[in-house]
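> 3D, please:
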Amino acid sequence: MDIVIYVVAFIFGIVIGSFLNVLIFRMPKGEDIASKRSHCMSCGYQLRWFDLIPLFSWIFLRGRCRKCHEKISIQYPIIEALNGILYVAILLLCGIKIDSLLFCLAASALLALSVIDFRTYIIPIGFNIFILALGVIRIICKLAIDGDTLGSVVPYVIGMFAVSVPLGILWFLSKGRAIGGGDVKLMGAAGLLLGWKQILFAFVLGCIIGSFIHIARMKISKAGRVLAMGPYLAAGIMIVILFGEKLLGWYTGLLGL
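The predicted model follows:
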């Protein structure tokens, strides 16, 4: 039965991944994401239903448009497959429960905003609102379904401000040069979803990952000093979602706490 659930999760993940590609390509351009039909970016050919089967259509078409035969970005299958893999990984590591569903949806938002921020240095506000809503839903579920007390959700409320407030002060003092406003909002929204311990850990991980990767990019591909922090913060958040409890348990045990 668990195998069936994981297969369904992967299929659901690649379907959502297909929609993420729409968001990634259209949101920065301000294009309609709901009513406008999917089309070839080169010739404008409107895709038929059999051209829109996540992952498999790209493979069957050998990565080319059915009409003009121009190459279709490999981003499409990568995002679809990665989203499906993340869904399965979350269920495997976090268990089959409501929290896992919320984490899956958060993972999709993190994946899409990472690509957009990497390309445009902007995190669309819609993603942060969506993650914030997931945090609110998680708190409601803890109170209404799990029977938790109001005191037990305090760490999540604190988490909303634990990283975002210091970053907000930094943003204000530097007039946006040191950190982006979207990054501040992202850490606030994710903090409500994860709680203060997890979001602090995610922030540290994101900074470490960003430092190593961007220094490498500066040396190898001559990237500039300005970096999009969103993808690295998202990576830290994703690592905490998958391994946070075990990592924190190991770290506190190492310190004897």
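> switch to C-alpha atoms for all contacts and neighbour counts from now on
Fine.
> where does the closest residue to residue 58 other than its chain neighbours land on pLDDT?
Using C-alpha to C-alpha, 6 or more residues apart in numbering and skipping the chain neighbours, the partner closest in space to residue 58 is residue 77 (6.7 Å). Note on residue 77: pLDDT of 93.
> quick one: what helix or strand has residue 77 in it?
helix 75-94 (DSSP states H and E).
> packing partners for the following helix or strand past that helix?
The first helix or strand that comes after helix 75-94 along the chain, using DSSP H and E, is helix 98-120. With contacts defined as 3 or more C-alpha pairs under 8 Å, 6 or more residues apart in numbering; DSSP states H and E, helix 98-120 has these neighbours: helix 2-26, helix 75-94, helix 125-144, helix 230-255.
> ok, the spatially most central residue of the chain - contacts?
For the chain, residue 110 is the residue whose C-alpha lies nearest the centre (C-alpha atoms, centre = their mean; 1.1 Å). If a contact means C-alpha atoms under 8 Å, 6 or more residues apart in numbering, then residue 110 has 127, 231, 234, 238 as its contacts.
> Try it again at 6 Å.
If a contact means C-alpha atoms under 6 Å, 6 or more residues apart in numbering, then residue 110 has residue 234 as its contacts.
> per-residue confidence at it?
98.
> Pull up the gap between it and residue 232, please.
10 Å (C-alpha to C-alpha, to the nearest Å).
> Over to residue 157?
23 Å.
> So for those two, which residue has more residues nearby?
residue 232 (24 against 20; other C-alpha atoms under 10 Å).
> Name the nearest residue to the more buried one, sequence neighbours excluded.
Using C-alpha to C-alpha, 6+ apart, the nearest residue to residue 232 is residue 206, at 4.7 Å.
> Tell me, how many residues neighbour that neighbour?
By other C-alpha under 10 Å, 22 other residues sit near residue 206.
> tell me the angle of the one helix or strand it maps to relative to helix 230-255?
According to DSSP H and E, residue 206 maps onto helix 196-220. If you take axes from the mean of the first three to the mean of the last three C-alpha atoms, to 10 degrees, helix 196-220 sits at 120 degrees to helix 230-255.
> Now do helix 196-220: everything it contacts.
For helix 196-220, the external contacting residues (C-alpha under 6 Å, 6+ apart) are 155, 158, 159, 162, 191, 223, 232, 233, 236, 237, 240.
> Contacts only, for the fifth one.
Read that as residue 191. 159, 160, 199 are the contacts of residue 191 under C-alpha under 6 Å, 6+ apart.
> which stretches of the stretch 151-257 of the chain have low pLDDT?
Scanning the stretch 151-257 of the chain for pLDDT under 70 picks out the ranges 250-257.
> Can you tell me how far the residue nearest to residue 58 is from residue 70?
Residue 77 is 16 Å from residue 70, by C-alpha to C-alpha.
> Specify which residue of those two has the higher count of neighbours.
residue 77 (22 against 14).
> thought that one was touching residue 55?
Yes - between residue 77 and residue 55 a contact is recorded at 4.9 Å, counting by C-alpha atoms under 6 Å.
> what are the phi and psi values for residue 177?
phi -80, psi -30 (degrees, to the nearest 10).
> oh, and call the first residue 2 from now on, that's how I've got it
Shifting the count to begin at 2 puts that one at residue 178.
> Nearest spatial neighbour of it, chain-adjacent residues omitted?
Sequence neighbours aside, residue 172 is the residue nearest to residue 178 in space, at 7.1 Å (criterion: C-alpha to C-alpha, 6+ apart).
> Return the distance of that neighbour relative to residue 89.
Distance from residue 172 to residue 89, by C-alpha to C-alpha: 36 Å.
> The helix or strand containing the residue nearest to residue 178 vs helix 197-221, what angle?
Here residue 172 sits within helix 165-175, counting by DSSP H and E. Going by the same axes, to 10 degrees, helix 165-175 is angled at 40 degrees with respect to helix 197-221.
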